[in-house]
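Peer 1: Sequence first, then the predicted structure, then my questions.
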Amino acid sequence: MPAQPPSAPGPAAPAGPASGPELPARLPPVVGPGWVAAHLDELVLADVRWYLDGRSGHRAYLAGHLPGAVWVDVDTDLSAPPSTAGGRHPLPEPEEFARRLGRLGIADDDTVVAYDDRGGGFAARLVWLLRRLGRPAALLDGGLAGWTGPRATGQVERPAVVREPRAWPPDLLRTADDTQAAAASPSSAVLDSRAAGRYSGADALPGETRLGHVPGALSAPWTANLAADGRFLSPGELRSRFAELGVAEADEVIVHCGSGVTACHNLLALEYAGLPGATLFVGSWSAWSADGSRPVVTGDLPAGAQPDVPDGVPAEENGHPPAGVPAEQDGTP
């Protein structure tokens, strides 16, 4: 793995989610509900519920949320408008990201703890973005279901603030070309965070017309970072999971998913496991599959498997080298 970028907070190999009474100087990527309850007055809580089936995350938030939590919209606060080249959830411009969070009352020096009700798969986007900008942020381990304290209802309005825009660190983001080259390299690892059924091509989201995965990418569903109770596996267990995928020996690790949202869960899990430095292909499958010149493979990639070649593009011009959770249950945008 490449070295941890200097702007990324958090210890290299935390022993577990923060649970003691003290506010850690360098916040780990995952914190426990007991620690959050002890520090409610020192934190900004962010509810990042979002549903693939079209249900309103905001409506769910209004019906019940952690005390003082603001609602953060994946589609408008954490993403730019969708595009063919950028995928379904491109990163917002730094100025727009700062403006959006400022309107929510999240200041530059606030410590943010984010959660959702899907294992952190959507809240991870906010946490990863803030941490990569050098801001203190963490996921609530166990999410909404793990919170046993009181809940509040209705909208929470914090006073608006002015945030300083910070550019996205270019060394933490990758393009489709970068991803294709890395997937073809034996010294790199490209992790596909979607459910195994979408990776193999057996399942699809509504509207998806090209099924399968990037040739050479490895199936690494983000949901495998969680135990049966919805909490994160221990750092040691996560290290073993990623070791099986060859991450520890890789010179470069690129992570993607359906549209650059749930991939952030894997990125945080890698950091939590003491394997920082992985990068994000933001456009992910939604951008890759929209480009008819990009090769696609289906199945579990037996040795020597060849990708499906887009119509009219000779195989030799495709740049390609010679498994789960059903899509409707995966929650991977």
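Peer 2: Perfect, I can see it now.

Peer 1: Please name the nearest non-neighbouring residue to residue 65.
Peer 2: residue 47 (4.8 Å; CB to CB, 6 or more residues apart in numbering). Every C-beta, even on glycine, is put in place using the N, C-alpha and C of the backbone.

Peer 1: which SSE is residue 50 in?
Peer 2: Assigned by DSSP states H and E, residue 50 belongs to neither a helix nor a strand.

Peer 1: From residue 211, how far off is it?
Peer 2: Distance, residue 50 to residue 211, using CB to CB, to the nearest Å: 23 Å.

Peer 1: repeat for residue 203
Peer 2: Applying CB to CB to residue 203 and residue 211 gives a distance of 8 Å.

Peer 1: so where's the stretch 151-300 of the chain uncertain?
Peer 2: Along the stretch 151-300 of the chain, the model assigns pLDDT under 70 to no residue.

Peer 1: Doesn't residue 199 lie inside a helix?
Peer 2: Yes: Residue 199: assigned to a helix according to DSSP: H, G, I helix; E, B strand; the rest coil.

Peer 1: Give me the neighbour count for it.
Peer 2: 28 (other CB atoms under 10 Å).

Peer 1: ok, for it, nearest residue in space, not its chain neighbours?
Peer 2: Residue 199 sits nearest to residue 219 (CB to CB, 6+ apart), 4.3 Å away.

Peer 1: Could you do residue 285 as well?
Peer 2: residue 258 (5.1 Å).

Peer 1: Show the backbone phi and psi for that neighbour.
Peer 2: Here is the backbone geometry of residue 258 (degrees, to the nearest 10): phi -80, psi -40.

Peer 1: what separates it from residue 291, distance-wise?
Peer 2: Distance from residue 258 to residue 291, by CB to CB: 15 Å.

Peer 1: What are the boundaries of the helices in the stretch 151-300 of the chain?
Peer 2: With DSSP state H, counting those that start in this stretch as the criterion, the stretch 151-300 of the chain has helices at 176-183, 196-200, 235-244, 263-272, 284-288.

Peer 1: Identify the residues contacting the first one?
Peer 2: Yep, that's helix 176-183 we're talking about. If you take CB atoms under 8 Å, 6 or more residues apart in numbering as the criterion, helix 176-183 is touched by 174, 188-190, 214-217, 252, 254, 256, 281, 283, 287-288, 291, 294-295, 319-321.

Peer 1: Now list the buried members of the residues you listed.
Peer 2: Neighbour-count burial (16 or more other CB atoms under 10 Å) applied to those gives 174, 188-190, 214-217, 252, 254, 256, 281, 283, 287-288, 294-295, 319-320.

Peer 1: so how many other residues sit close to residue 248?
Peer 2: Residue 248: 15 neighbours (other CB under 10 Å).

Peer 1: the more surrounded of residue 50 and residue 211?
Peer 2: Remark: of residue 50 and residue 211, residue 50 carries more neighbours, 25 against 20, as counted by other CB under 10 Å.

Peer 1: State the pLDDT value of the more buried one.
Peer 2: You'll see residue 50 listed with a pLDDT of 96.

Peer 1: And residue 52, how far from residue 206?
Peer 2: Distance from residue 52 to residue 206, by CB to CB: 9 Å.

Peer 1: Between these two, which has more neighbouring residues?
Peer 2: For residue 52 versus residue 206, neighbours defined as other CB under 10 Å are more numerous around residue 52 (18 against 9).

Peer 1: Assess the claim that the more buried one and residue 205 are in contact.
Peer 2: Yes: assessed by CB atoms under 8 Å, residue 52 is found in contact with residue 205 at 7.3 Å.

Peer 1: picking up where we left off before, which of the contacts of helix 176-183 fall in strands?
Peer 2: Taking DSSP state E, the ones among the contacts of helix 176-183 that sit in strands are 174, 188, 189, 190, 252, 254, 256, 281.

Peer 1: Without its sequence neighbours, what residue ends up closest to the third one?
Peer 2: In other words, residue 189. That would be residue 250: by CB to CB, 6+ apart, it lies 4.0 Å from residue 189.

Peer 1: The one you found: neighbour count?
Peer 2: Residue 250 has 23 nearby residues by other CB under 10 Å.

Peer 1: Next one: it relative to residue 294, how far apart?
Peer 2: 22 Å.

Peer 1: how much space between the residue nearest to residue 199 and residue 285?
Peer 2: Per CB to CB, residue 219 is found 12 Å from residue 285.

Peer 1: any shared contact partners between these two?
Peer 2: 192, 213.

Peer 1: Of the two, which one has the most company?
Peer 2: Each of residue 219 and residue 285 has its neighbours counted (other CB under 10 Å); residue 285 has more, 31 against 21.
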